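> Quick one, what's the 3D model for this:
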Amino acid sequence: MLGKAGEIALLVAFVGSIAALVAFVRATVAKAPSERETWMRLGRGAWWAVLGGTVAASGILWALIFGGHYEIAYVYQQTSDAMPFHYRMSSFWAGQEGSFLLWILMTVLVGAVLARWSAQRLPADSAGHASGARGAKITAVGVQTREWFGAPVMAVTALCAGFLLSMVVGLDLGAFSLGASPFLPLAEKFPDAPMLQVAGFVPADGKGLNDLLQNPWMAIHPPTLFVGFTLTMVPFAFAAAGLVTRRYTQWVRPALPWALVASGVLGCGIMMGGYWAYETLSFGGWWAWDPVENSSLVPWLFSVAGLHAMVVQKKTAAGHKAALILSIVAFQLVIYSTFLTRSGVLGDVSVHSFVDLGLYNQLLVWILSIGAVGFGLFAWRYRELPAPATPPATLSRESMIFTGALLLALTGLVIALGTSAPIFGKLFRDNPSAVPIAFYNAWTLPLAIGIAFLMGIGQVFWWRKMTVDDVNRVLMRPLALTVASTAIVILSTPFVQETVQPAAAVGGPVTAQAGLFDAGFFQTHGTSLLLLLLLFTSFFTLWGNLLVMGRVAKGNWKLIGGSLTHVGFGLMLLGIFASAVFNDPVGEGAGTDIQGSRDNVVVPLGETVDSGDGYRITYTGTELNEEGLPTYLLDWEREDGHTFQTRNVVYKDIRDQWIQRPDVKEHLIEDLYVAVFPSAMSNRASEAESGGAASEEAEELVLARGDSTMLQVGGRDRYMLSFTDYELGVDYDAVGLDAANVDLAVAARLVIRDIASGETRTLRPVYSITKDQQQQFVQNRALDWNLGATFVGMEVEEDAIKLLLDGAQPREEEWVVVQAAEKPFISVLWIGTLVMLAGFAVSAGRRWNETR
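Numbers count the residues shown, from 1 in each chain. Okay, the predicted model is just below:
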């Protein structure tokens, strides 16, 4: 019943979005003020229906989740009784249908704010409309914001809401279906499952949330991203409204604070995802250039580029075209990233992509429709767009900011091309692969250098124009501090050793003898020089903006937003630089091959191993944590005598996937990042569970008298085997031996206990030597356990026997592969993120006040 109510609520919202779109479009084209106002009232009424339907559907889905309604497919797939409250809450957006619904909820809430906000009066624009001092009453010739932008902005918002609602409305239209409903019953989603077709059947429990998503950061990371995606729509809507109404400059004032909030929130969401990956995944970092990670980063880069173009346009009446096109592209890329994530095109190359729900065509239509609106309007009005009377001076702040915006956009374009490689590759091959990480590093490193340089110089430069003497004067202090800081890093760290590639690695003796500007020199020193430039420009960004911020704060602290944001970005670059360049693996190159790396240490249970680079590691065993999950305990001792313990959770989830949680010892100066690969993840256990030969072949075991060992079936502990003693009185006839031909016969008494039930079986396999000195073995089996043992030899000095086991395998020696690394100053990255977000907040607050 609740499920049907949810479907009806979504249908009401979908129909309401279409009605709102029609009404707001009619209001946009209406000539008479009275007609425009009538359509606006109808549009707002329809929007409240959209809001009501969406809020009701969201509430119903949460009620189904918390009520354990496992007859609903989405609830069954994403939740379970064992999940705590906060993970049940976040299971709302764990799947594709629910995350779309969350995005819709954010969109209609922002639309409600826009519906009220756009009706408020603003100070008149600078193109012929008079207004008094700030805060004074608007004169009779002033123009209300809703009359300028209200209708077209809400029309774009309704269009986006309509497309989003079409993804979840779940209408069956005969020839095709529209969307995938989160309220679909199990029986309808899986019609071929006979059990589900039994009337009234409801599963006792759900499958539960993917274990990797059961993390506090993942509870807040997706909603933050979706808020950022939604907010990116608003500058796009204002840009489209400016083009429709021919107000090519006035749209920037109301759009700029939205652009700032959008960039800040989307950036926050991206970094939350990075921190989640750092603390939860085992690849040893926070960013892996995964295509779905990139698909969030690219819109952010264009959004930030767009807001910089808006700042230039607002301050100097230049950059109109750039501000418009970048705002359009930023939201277009949000939709494109949605297509990449949800259409299934990246299913083979990304660990993040959703399962394909058959929405490929709908997503493609959405991309084309928004592209037609944005780029179509831009092309239609292009010839009317104003151009500055004179181009900006080269030595001016607007020129530097504009160039920086272009570099940000170029960086986004490069990443977008790399991310889209699997799609382009399908034109030429059946199984295209993602581009290597080296592609992104090679292209983004020089672009980051340029961006960092312009971030520093753009703030210290003045608006309009500067002379060469002015430039020399304003650059003297930040350059001096930058040179000093860079020199300290180079002289006090192993920068050269870490970044210069040995000649033999890039060309042998010919390269070693190369001249300063030969190709060999750049093969050897090119990366080092680029990293040196990144270090220099990052310090330049930091010092240049700190000096400007200090000077500005003395006058009005509300004006420090831009400088504070750039200070944060400079700190982020320094944190990325330090943690990447000076990343120091423990046991570098000395271990076993794990995911293509030998930077690890193998530590057997109960033993202490010297890593060779300052650590002694002891694997003390395992225990269950408060969640009841296996936790691997490692005791560490540094050269200085400092000791500590790491606790890594590693287990198989209900989906039969290995889950590894790293343990990160966080400190201000450096982090120690520790991931563990236990022996249970390797070879025989994996083969047995996959039905490989190891589960069928007999396994040899050496066991001393009086000792016991664990036997495994399917990679899990099943039996305890004890060799209690020898037995010499063998009944030859009973075991099928020819007594006349036997010189020696001895049985091994083996007691086997089922560790689950406590039942025991005793086996007596026989080892014999014939008169002609040939060996004979008589297997003994526990038929009801399908378990057999063959006594195949003795080691007299050790008082031990050799056994061949059939139906079970001896537990292998227990050990862990420790993959750890020291990551210096990665804390600076997280601190820089917080500072950057604070800068966005200060700037957004200032711009909001300007719109009042």
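> Quick one: residues in contact with stretch 579-599.
Taking CB atoms under 8 Å, 6 or more residues apart in numbering as the criterion, the residues outside stretch 579-599 that touch it are 283, 493-495, 498-499, 531, 600-602, 611-613, 615, 677, 817-826, 829. Using the backbone N, CA and C atoms, a C-beta is placed for each residue, glycine as well.
> go again using 7 Å as the cut-off
For stretch 579-599, contacts defined as CB atoms under 7 Å, 6 or more residues apart in numbering pick out 493, 495, 498-499, 531, 600-602, 611-613, 615, 677, 817, 819-826, 829.
> One more: stretch 392-408?
Contact with stretch 392-408 is made by 301, 304-305, 308-309, 311-312, 315-316, 318-319, 322, 326, 447, 450-451, 454-455, 457-458, 461-466, 471, as judged by CB under 7 Å, 6+ apart.
> how close does residue 651 get to residue 663?
14 Å (CB to CB, to the nearest Å).
> Ok, residue 298 next?
Remark: distance between residue 298 and residue 663 (CB to CB) = 32 Å.
> Between those two, which is the more surrounded one?
The residue with more neighbours, out of residue 298 and residue 663, is residue 298; 27 against 19, by other CB atoms under 10 Å.
> Okay, and the more buried one sits in which element?
Taking DSSP states H and E as the criterion, residue 298 maps to helix 291-316.
> list the helices and strands that helix packs on?
If you count contacts as 3 or more CB pairs under 7 Å, 6 or more residues apart in numbering; DSSP states H and E, helix 291-316 packs onto helix 216-245, helix 252-280, helix 320-342, helix 397-419.
> Can you list the low-confidence ranges for this structure?
Scanning the chain with the threshold set as pLDDT under 70 gives 118-146, 193-198, 346-357, 389, 425-432, 462-467, 501-522, 591-596, 682-699, 852.
> For the most centrally placed residue in it, which non-adjacent residue is spatially closest?
Relative to the mean C-alpha position of the chain, the nearest C-alpha, by CA atoms, centre = their mean, is the one of residue 273, at 4.5 Å. When the adjacent residues along the chain are set aside, residue 273 lies closest to residue 221, with 5.0 Å between them (CB to CB, 6 or more residues apart in numbering).
> Please name the residues that touch residue 811.
Applying CB under 7 Å, 6+ apart, one finds that residue 811 lies in contact with 709-710, 712, 717.
> of the contacts of stretch 392-408, buried ones?
With neighbours counted using 16 or more other CB atoms under 10 Å, these contain these buried positions: 301, 304-305, 308-309, 311-312, 316, 318-319, 322, 326, 447, 450-451, 454-455, 457-458, 461, 466.
> For the nearest residue to residue 498 once chain neighbours are set aside, grab the count of nearby residues.
Counting by CB to CB, 6+ apart, residue 498 lies nearest to residue 581, which is 5.5 Å off, once chain neighbours are set aside. Burial of residue 581 is recorded as 19 neighbouring residues (other CB under 10 Å).
> With residue 97 instead?
Residue 97 has 26 neighbouring residues, counting by other CB under 10 Å.
> thinking again about what came up before, separation between the residue nearest to the centre of the chain and residue 296?
Per CB to CB, residue 273 is found 7 Å from residue 296.
> How is the chain divided into domains?
Residue ranges for each domain of the chain read 1-124+141-208, 215-435, 468-582, 601-684+815-824, 697-806, as given by automatic domain parsing.
> right, and these - which one's nearest residue 849?
Between residue 849 and the domains of the chain, the tightest spacing by CB to CB is seen for domain 468-582, at 8.0 Å.
> Distance across that closest one, terminal residue to terminal residue?
Between the opening and closing residues of domain 468-582 lies a distance of 38 Å (CA to CA, to the nearest Å).
> before we move on, what about stretch 588-600?
The first residue of stretch 588-600 is 6 Å away from its last residue (CA to CA).
> what's the answer for stretch 718-737, then?
Stretch 718-737 has an end-to-end distance of 32 Å (CA to CA).
> show me where the stretch 1-150 of the chain has helices.
With DSSP state H, counting those that start in this stretch as the criterion, the stretch 1-150 of the chain has helices at 2-29, 33-66, 73-78, 85-90, 96-117, 145.
> In the fourth one, which residues are buried?
Put plainly, it is helix 85-90. Taking 16+ other CB under 10 Å as the neighbour-count basis, helix 85-90 is seen to contain the buried residues 87-88, 90.
> ok, so of the residues you listed, who is nearest residue 624?
Nearest to residue 624 among the buried residues of helix 85-90, counting by CB to CB, is residue 87 at 19.3 Å.
> quick one: the helices in the stretch 451-600 of the chain?
According to DSSP H, counting those that start in this stretch, the helices that the stretch 451-600 of the chain contains are 468-492, 495-499, 503-506, 508-512, 519-555, 561-581.
> Now render the ones you listed as a markdown table, adding distance to residue 385.
Formatted as a markdown table, the entries for the helices of the stretch 451-600 of the chain read as follows, by distance: least, CB to CB, whole Å:
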| stretch | distance to residue 385 |
| --- | --- |
| helix 468-492 | 31 |
| helix 495-499 | 46 |
| helix 503-506 | 50 |
| helix 508-512 | 52 |
| helix 519-555 | 32 |
| helix 561-581 | 26 |
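> for those, which one sits closest to residue 153?
Distance to residue 153, taken as CB to CB, is lowest for helix 561-581 among the helices of the stretch 451-600 of the chain, at 24.5 Å.
> from the chain's centre, how far out does that closest one sit?
Averaging C-alpha coordinates over helix 561-581 and over its chain gives two centres that are 20 Å apart (CA atoms, centre = their mean, to the nearest Å).
> by how many degrees do that helix and helix 291-316 diverge?
Taking axes from the mean of the first three to the mean of the last three CA atoms, to 10 degrees, one finds helix 561-581 and helix 291-316 inclined to each other by 150 degrees.
> correct me, but the residue nearest to the centre of the chain touches residue 222?
No - with the criterion set as CB atoms under 7 Å, residue 273 and residue 222 do not qualify as a contacting pair; they are 8.5 Å apart.
> what residue of the chain is the furthest out?
Centroid-distance maximum for the chain: residue 740 at 74.2 Å, with CA atoms, centre = their mean.
> That one should be in a helix, yeah?
Yes - secondary structure of residue 740, determined by DSSP: H, G, I helix; E, B strand; the rest coil: located in a helix.
> Now do it against residue 377, distance only.
Note on residue 740: its distance to residue 377, by CB to CB, is 104 Å.
> try residue 368
With distances defined as CB to CB, the gap from residue 368 to residue 377 amounts to 15 Å.
> between these two, which one's more packed in?
Between residue 368 and residue 377, counted using other CB under 10 Å, residue 377 has the larger neighbour count: 19 against 11.
> so who does the nearest residue to residue 795 once chain neighbours are set aside touch?
When the adjacent residues along the chain are set aside, residue 795 lies closest to residue 702, with 6.6 Å between them (CB to CB, 6+ apart). By CB under 7 Å, 6+ apart, the contact list for residue 702 reads 795, 800, 802.
> now do residue 736
If you count contacts by CB under 7 Å, 6+ apart, residue 736 has them with residue 778.
> beta partners of residue 712?
The residues listed as beta-bridge partners of residue 712 by DSSP bridges are residue 717, residue 809.
> Quick check: it touching residue 718?
Yes - between residue 712 and residue 718 there is a contact at 6.0 Å, judged by CB under 7 Å.
> what sits in contact with each of those two?
Contact with both residue 712 and residue 718 is made by residues residue 808, according to CB under 7 Å, 6+ apart.
> any idea how far the closest residue to residue 306 other than its chain neighbours is from residue 298?
By the measure of CB to CB, 6+ apart, the closest residue to residue 306 outside its immediate chain neighbours is residue 326, 3.5 Å from it. Look at residue 326 and residue 298: by CB to CB, they are 12 Å apart.
> and if you look at residue 106?
From residue 106 across to residue 298, the span is 20 Å (CB to CB).
> what do you get for residue 310?
Taking CB to CB as the measure, residue 310 and residue 298 are separated by 19 Å.
> In contact with residue 571: list those residues for me.
542, 828, 831-832, 835.
> farthest-separated two in those residues?
Every pair of these checked by CB to CB; the farthest is 542 and 831, at 11.9 Å.
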